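[1] Pasting the sequence and the predicted coordinates here, then a few questions.
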Amino acid sequence: MAPQLDGYFSKVDELSSHFIDRLSKAVAIPSISSEAARRPDVVRMGEWLQTELKALGAEVEMRPLGKQPDHPELDLPPVVLARYGRDKSKRTILVYGHYDDGRMFGRGSTDDKGPVLGWLNAIEAHQKAGVDFPVNLLMCFEGMEEYGSEGLEELIEKEGKGYFADADAVCISDNYWLGTEKPCLTYGLRGCNYYSVEISGPGADLHSGVFGGTAQEPMTDLVRVLGSLVDTHGKIQIPGIMEQVAAVTADEESLYDNISFTMDNLHESLGSKTTIFEDKKPTLMARWRYPSLSVHGVEGAFSAPGAKTVIPAKVIGKFSIRTVPDMDIDQTNECVYKFHTGKWWVASPNHWNFRAAGKAVERVWGVQPDFTREGGSIPVTLTFEQATGKNVLLLPMGSSTDGAHSINEKLDKKNYIEGIKLLGAYLHYVAEEQQI
């Protein structure tokens, strides 16, 4: 099947240096969405993408999103909307990615500039190989993903039956392999409910030498509250949370047996052996299909080096719950104070969109992919599914050791170049796959 892929693959190999140079130029733009001073660089990155897409013959528009809610003096970076091909006899695939980096300088190679450029590279390699592009491509690339995708949800909901109306399926490449050796297709994500607990007492900060032992201390009470949420084995202590979780079926449990993952993979990522479980299956289930509660930090407390004996007047503790099927946001928020939420997502891995991706993985990597879920959250996944009514696939390019969100983030050359082949092959198999 798809014999024309041989010419496409050869052209990708031939153009590999050019594609690496394109990624180098993109990573060199410090498009850090979380830093106000870097907002012009984020916009510049979007404009650079627009130029690259137009040079490939795509129809491109920069869609403004208005002002940033928490910084009304700042414009949100525009969303790059693009269309490549209008052949009504072909399927249309909508792809999403983001062109901003996170907080650490040097980021962006694997999350998410490499995968975004993978789509551009796939177009160019088809053109230069003289191979007909197998589908119509709709593209939605945003510049605020690392800062919460502000403004994007409204755009997707508005354009679900507008700009995105003729999409037959959606593909997102913004996650990673489970390990370093075997590709995977992702069909589920945990959601994320984010909470804050504020405790205040005295009208101002106090000196512990004068007031210690005589006044109720907010920090002491906050530590007690946070410590009561979850035990040291990760078990959530809030009543009503675990009772909502969907029961494990025998079919679901069997999916974990053959997944290419060892505890050594996790120990390497942790840099230690401080895991809760000793075996693969309970570890993966804890990461993917059971909720977890994590305490993230305390605002208002002394945290600098050295000693300080002030009793803080007010402290805010922050924690989140990663949610899973069949947890209900409102029901969960009846148990804890609501601050921010993002719903869990699960798709059918038997859809033609996933079957096409599986065939592409076998063609490029020579193995059948693992079907995985993720412990993290990509809220835009559910937004695309609900707005378009179409199947959404997560098709990762990078591996588990890429260090996304870190100063040493990387994308292996093999994953990048073979990933370009994978994206193109996926589109060819999408064009062929029968709808069942």
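    That came in fine, so what should we check first?

[2] My guess is residue 363 contacts residue 432. True?
    No. Contact criterion C-beta atoms under 8 Å: residue 363 and residue 432 do not qualify, at 11.7 Å. C-beta: built from backbone N, CA, C; applies to glycine.

[3] Which residue of those two possesses the greater neighbour count?
    residue 363 (18 against 13; other C-beta atoms under 10 Å).

[4] who's in contact with whichever helix or strand the more buried one is part of?
    Using DSSP states H and E, the element containing residue 363 is helix 352-365. Outside helix 352-365, the residues that touch it by C-beta atoms under 8 Å, 6 or more residues apart in numbering are 1-2, 5, 9, 169-171, 182-183, 185, 187, 347-348, 367-369, 371, 391-393, 395, 418, 421-422, 425-426, 428-430, 432-436.

[5] Check the offset of the next helix or strand after it from the chain's centre.
    Later in the chain than helix 352-365, the nearest helix or strand by DSSP H and E is strand 370-374. Mean-position distance between strand 370-374 and its chain equals 14 Å (C-alpha atoms, centre = their mean, to the nearest Å).

[6] which other helices and strands contact strand 370-374?
    strand 184-189, helix 280-288 (3 or more C-beta pairs under 8 Å, 6 or more residues apart in numbering; DSSP states H and E).

[7] contact partners of the last one?
    With contact meaning C-beta under 8 Å, 6+ apart, helix 280-288 is reached by 188, 190, 234, 248, 253, 256-257, 259, 261-263, 266, 275-277, 292, 324, 372-375.

[8] ok, residue 48 - contacts?
    Residue 48 sits in contact with 25, 26, 29, where contact means C-beta under 8 Å, 6+ apart.

[9] tell me the average confidence for whichever strand or helix holds it?
    Under the criterion of DSSP H and E, residue 48 resides in helix 39-55. Average pLDDT, helix 39-55: 97.

[10] Show me what secondary structure element comes after that helix.
    strand 59-63.

[11] Give the pairing partners of the helix or strand following that next one; include direction for each.
    The helix or strand immediately downstream of strand 59-63 is strand 67-68, counting by DSSP H and E. Strand 67-68 pairs in its sheet with strand 71-75 (antiparallel), by DSSP bridges.

[12] What mean pLDDT does the strand it pairs with get?
    The model assigns strand 71-75 a mean pLDDT of 92.

[13] buried set for that strand?
    residue 75 (16 or more other C-beta atoms under 10 Å).

[14] Taking their axis directions, that strand and helix 39-55 sit at what angle?
    40 degrees (axes from the mean of the first three to the mean of the last three C-alpha atoms, to 10 degrees).

[15] contacts for whichever helix or strand comes after strand 71-75?
    Next helix or strand after strand 71-75 toward the C-terminus (DSSP H and E): strand 79-84. Identification of contacts with strand 79-84 by C-beta under 8 Å, 6+ apart yields 46, 49-50, 53, 56-63, 65, 99, 123, 133, 136-143, 151-152, 155, 159, 163.

[16] Restricted to helices, list the contacts of residue 48.
    The members of the contacts of residue 48 that map onto helices under DSSP state H are 25, 26.

[17] Whichever of the contacts of residue 48 end up buried, select them in ChimeraX.
    The ChimeraX selection below is limited to those of the contacts of residue 48 classed as buried (16+ other C-beta under 10 Å):
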select :26,29
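
[18] Now pLDDT too, for the contacts of residue 48, in TSV please.
    Formatted as TSV, those follow (pLDDT from 0 to 100):
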residue	pLDDT
25	95
26	94
29	93
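
[19] so which of the contacts of residue 48 comes closest to residue 408?
    Taking C-beta to C-beta as the measure, residue 408 lies nearest residue 26 of the contacts of residue 48, at 17.8 Å.

[20] How about the contacts made by that closest one?
    45, 48, 99, 108, 113, 116, 117.

[21] For the protein, which segments are assigned as helices?
    5-14, 16-27, 39-55, 114-129, 152-159, 208-211, 218-227, 250-254, 263-270, 280-288, 329-333, 352-365, 380-388, 413-432.

[22] Which one of the ones you listed lies nearest to residue 308?
    helix 208-211 (9.5 Å).

[23] I would like the residues contacting the closest one, please.
    202, 309, 310, 311.

[24] Domain map for the protein?
    Using automatic domain parsing, the domain parsing of the chain gives 5-189+344-432, 193-246+289-342.

[25] Okay, buried residues for stretch 391-404 please.
    Buried residues in stretch 391-404 (16+ other C-beta under 10 Å): 391-400, 402-404.

[26] Next, the residue most central in space within the chain: phi, psi?
    By C-alpha atoms, centre = their mean, the mean C-alpha position of the chain lies nearest to residue 378, the distance being 4.4 Å. Main-chain torsions, residue 378, degrees, to the nearest 10: phi -130, psi 80.

[27] What separation do you get for the nearest residue to residue 25 once chain neighbours are set aside and residue 304?
    For residue 25, ignoring the flanking residues on the chain, the nearest one in space by C-beta to C-beta, 6 or more residues apart in numbering is residue 48 at 7.5 Å. Distance, residue 48 to residue 304, by C-beta to C-beta, to the nearest Å: 39 Å.

[28] same check, this time on residue 114
    37 Å.

[29] where in the chain is pLDDT low?
    Counting by pLDDT under 70, the ranges of the chain that qualify are 1-2, 102-108, 337-342, 436.

[30] Residue 205: what's it in contact with?
    310, 311, 312, 313.

[31] out of the residues you listed, who's nearest residue 21?
    residue 312 (51.4 Å).

[32] Can you pull the phi/psi pair for the closest one?
    Torsion angles, degrees, to the nearest 10, at residue 312: phi -70, psi 140.

[33] Could you verify my assumption that it touches residue 303?
    No. Using C-beta under 8 Å, residue 312 is not in contact with residue 303, being 10.7 Å away.

[34] Which one's more surrounded, the two?
    Taking other C-beta under 10 Å, residue 312 and residue 303 do not tie; residue 312 has more neighbours (22 against 9).

[35] which residues does that one contact?
    Applying C-beta under 8 Å, 6+ apart, the residues near residue 312 are 205, 218, 219, 300, 301, 302.

[36] separation between it and residue 194?
    From residue 312 over to residue 194 (counting by C-beta to C-beta), the distance is 22 Å.

[37] again with residue 336
    Residue 336 is 10 Å from residue 194, where distance means C-beta to C-beta.
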